[in-house]
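A.B. asks: Fold the following.
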Amino acid sequence: MKMMKKGILVLAIALLTFAMGCSKETSVEEQKEAQKEAASEAQNFGTPIEFEVISIDDLASNYKLQSDLMLPERGYFIWEGEDGFNYMLISMGEKPTGGYGLSVVSFGDYDGEKKILVAEGNPPKDSNVPQILTYPHVVIKYANDIEITSVLNEASEAYELIDVTEEK
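C.D. replies: Numbers count the residues shown, from 1 in each chain. Next up, the predicted model:
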């Protein structure tokens, strides 16, 4: 278990370092400070909860159809599967170009709160990226007896639950 926590911490630092390197030009001191904050934030996500990152294509067909409607929104949505698992779509929303990315850094139980930490990657300024609308997202599968308390990015900005009943 201790090895798993260290592995998650190392992964969190690596992913956040990558995401920070892609998002803006920063000094070495700023990057080191951000890495310390990321490591601290990852530790604040408590006891790891098992999950699996899956492709959106692995969702049931009715979920795939719903996900197409949700991808342009920033936030998350949860489906309760009939197989004993929940499926969560986390989306950065519509982006004007390629080069954006989203990954789960940590999913844990912290004093009874179930938190997910995601890393957002942005394309570097003046980079050569596809000029097409993109919808960066990640889909995870986890035990259906877990109720998510919050989904946050590395800047502690919350992702909100996507309300599919709202009219667009």
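A.B. asks: got the contact list for the residue positioned nearest the centre of the chain?
C.D. replies: The C-alpha lying nearest the average C-alpha coordinate of the chain belongs to residue 118 (CA atoms, centre = their mean; 3.3 Å). In this structure, residue 118 makes contact with 90, 102, 103, 104, 105, 138, 151, 152, 153, 154, 159, judged by CB atoms under 8 Å, 6 or more residues apart in numbering. For the C-beta atoms, the positions are set from N, CA and C on the backbone; glycine is no exception.
A.B. asks: repeat that for 7 Å
C.D. replies: Residue 118 makes contact with 90, 102, 103, 104, 105, 151, 153, according to CB atoms under 7 Å, 6 or more residues apart in numbering.
A.B. asks: What remains of those residues if I keep only buried residues?
C.D. replies: Neighbour counting with 16 or more other CB atoms under 10 Å marks 90, 102, 103, 104, 105, 151, 153 as buried within those.
A.B. asks: As CSV, those with distance to residue 114 and pLDDT would be great.
C.D. replies: Listed next are those as CSV, based on distance: CB to CB, whole Å; pLDDT from 0 to 100:
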residue, distance to residue 114, pLDDT
90, 14, 98
102, 19, 97
103, 18, 96
104, 13, 96
105, 15, 95
151, 10, 98
153, 17, 96
